[in-house]
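1. Need a 3D model of the following:
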Amino acid sequence: MDTTLHSPFGPLSLRERNDMLVALDWQPGQGTATPLVAEGLRQLAEYFDGKRVVFDLPLDWGQGIHAQVRRAMAAIPLGKTRTYGDIAREIGAPAQAVGQACGANPLPILIPCHRVLGRNTLGGFSAPGGVETKVALLRFEGAAGLLI
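-> Numbers count the residues shown, from 1 in each chain. Okay, the predicted model is just below:
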């Protein structure tokens, strides 16, 4: 089984531990894909083909504020965005802490941190290409009303 998805944004691979996906890497995968990694890559391919809106995979949500922020990000519908402040108010944490948790997200796209913006800025994005990749993902998803 192939361990790499050749996406519009370059090669993507997944890593799992304890029957959960723990990381999406912006590089080719190594070795043989486990059934869970293969399913994750299949669902990502469906997403890029416009056939999947929500992922149905066991993900490592992390703990504490990271888990709260990741679950809030996962609840943002395709084509929509929220601000760091929106999420901060929802979970009762400072916006800066939300931004740090977004930046530490090990499962971009699957947990859509690209859908979280600053109040007056795009915010950051840790993938190769940085904010340009974030904007490209938002455009791909049809996010409306952005000054991008």
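2. Based on its surroundings, how many neighbours for residue 63?
-> As a burial measure, residue 63 scores 8 neighbours (other Cβ atoms under 10 Å). For the C-beta atoms, the positions are set from N, CA and C on the backbone; glycine is no exception.
3. quick one: pLDDT of it?
-> Listed pLDDT for residue 63 reads 96.
4. where exactly do the strands run in this protein?
-> Using DSSP state E, the strands of the chain run over 5-7, 10-17, 20-25, 82-83, 116-117.
5. how close does the closest residue in space to residue 130 that isn't next to it in sequence get to residue 103?
-> Nearest non-adjacent residue to residue 130, counting by Cβ to Cβ, 6 or more residues apart in numbering: residue 124, 7.0 Å away. The spacing between residue 124 and residue 103, counted by Cβ to Cβ, to the nearest Å, is 6 Å.
6. Next: residue 135.
-> On the measure of Cβ to Cβ, residue 135 and residue 103 end up 17 Å apart.
7. which one of the two has more residues nearby?
-> Of the pair residue 135 and residue 103, residue 135 is the one with more neighbours under other Cβ under 10 Å, namely 17 against 12.
8. Look up the pLDDT of the more buried one for me, please.
-> The confidence metric pLDDT takes the value 92 at residue 135.
9. my guess is it contacts residue 124, does it?
-> No. Between residue 135 and residue 124 there is no contact under Cβ atoms under 8 Å: 11.9 Å.
10. related to what we said a few turns ago, my guess is the residue nearest to residue 130 meets residue 133, correct?
-> No. Assessed by Cβ under 8 Å, residue 124 is found out of contact with residue 133, at 10.9 Å.
11. Could you pull up the residues touching the closest residue to residue 69 other than its chain neighbours?
-> Spatially, and ignoring its direct neighbours in sequence, residue 69 is nearest to residue 101 (3.8 Å; Cβ to Cβ, 6+ apart). Contact partners of residue 101, counting by Cβ atoms under 8 Å, 6 or more residues apart in numbering, are 65, 66, 68, 69, 70.
12. Which elements pack onto the helix ranked longest in the chain?
-> Counting by DSSP state H, the longest helix found in the chain is helix 35-48. Using 3 or more Cβ pairs under 8 Å, 6 or more residues apart in numbering; DSSP states H and E as the contact test, the elements touching helix 35-48 are strand 5-7, strand 10-17, strand 20-25.
13. Nice, that's everything, thank you.
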